[in-house]
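>>> got a predicted model here, sequence first, then my questions.
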Amino acid sequence: MRILSIGNSFSMDAQTWARDIALAGNVDIKLGNLYIGGCSLERHWSNAQSGEAAYEYFENNKPVGYAAMETVLADGKWDYVTLQQASHFSGMPETYDPYIEKLADFVREKAKDAKIAIHQTWAYESNSTHQGFPEYGCDRFQMHDRIRNAYAIAQNKIGAELIPVGEAVSRIRECDLFNIEKGGKQITRDGFHLSFIEGRYLAGAVWYEFFTGKDIRENGFVPQRMEYLGRDKETGEKILRPIKALIPSAEEMQALKEAAHEAAIR
């Protein structure tokens, strides 16, 4: 299965662990990501029209080079193409028009076999200092409700499926382990981007259920960051070791899987 995101840093968050999770579930997912930080639907549509090689293009989380949207859409058969709004605009339905409809038409013209999915983004953390947060009263609950409404409207307009990552993030924040008001871990690393391990895993887990139809609760993958220890003197191979202090606990993994699963089956 080949999945392309026309996205921004939030699609980077979602894709980081998605392939590893899928491989652990015996599914080979190949990922593409057209990345511009903070990119809005309006800017994506402008790039589609201009044909500019404006994007950093990643395959399976590795940089390939700069590319135009049309070039990548034509680069073999895509099974899915995901679209998303810039996070600060995500709860404002008026910012989607007319760009998401025009982008959907463009994708369907250039990648005729691909289905379109809308990647639902998430509300900022309650302590976020993002400059767009005051638009939502600096209230994560208000922001989540408005995001959910805006994405539902967009989904219906273009006849697309919805990847409910924002819903999963909202659910995990109600778990004491990830509720910062109750002393839990923050699911974001800076108040809006997902944390490198647990947050990005949660998004990848939702993607896994959405794209494969498999139950994440039965998947044994555990995300972990690696420490580089140099190279083997005889073979020259890199020596990597998991950083144990950063590996999520069994209780945390269970909570993350439950939140992803509950969001995905709604």
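That came through fine.
>>> can you show me the strands along the stretch 51-200 of the chain?
Using DSSP state E, counting those that start in this stretch, the strands of the stretch 51-200 of the chain run over 55-59, 62-67, 80-83, 115-119, 161-163.
>>> pLDDT (mean, whole number) over the second one?
Rounded to a whole number, the mean pLDDT of strand 62-67 is 98.
>>> next: the first one.
Strand 55-59 carries an average pLDDT of 98.
>>> can you give me the helices for the protein?
For the chain, the helices defined by DSSP state H cover 9-15, 18-24, 41-50, 69-73, 99-110, 140-158, 165-172, 198-212, 250-264.
>>> what's the most buried one of the strands of the stretch 51-200 of the chain?
Looking across the strands of the stretch 51-200 of the chain with neighbours counted as mean count of other Cβ atoms under 10 Å, the highest average goes to strand 80-83: a mean of 24. For every residue, glycine as well, the C-beta is placed using N, CA and C.
>>> show residues contacting that strand.
With Cβ atoms under 8 Å, 6 or more residues apart in numbering as the test, strand 80-83 has contacts from 1-7, 11, 41, 44, 73, 100, 103-104, 107, 111, 114-119, 160, 163, 211.
>>> mind putting the strands of the stretch 51-200 of the chain into JSON lines with distance to residue 225?
JSON lines is the format used below for the strands of the stretch 51-200 of the chain (distance: least, Cβ to Cβ, whole Å):
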{"stretch": "strand 55-59", "distance to residue 225": "19"}
{"stretch": "strand 62-67", "distance to residue 225": "17"}
{"stretch": "strand 80-83", "distance to residue 225": "25"}
{"stretch": "strand 115-119", "distance to residue 225": "24"}
{"stretch": "strand 161-163", "distance to residue 225": "25"}
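>>> any idea which of the helices of the chain gets closest to residue 88?
helix 140-158 (9.8 Å; Cβ to Cβ).
>>> please name every helix or strand in contact with the closest one.
Packing partners of helix 140-158 (3 or more Cβ pairs under 8 Å, 6 or more residues apart in numbering; DSSP states H and E): helix 99-110, strand 115-119, strand 161-163, helix 165-172.
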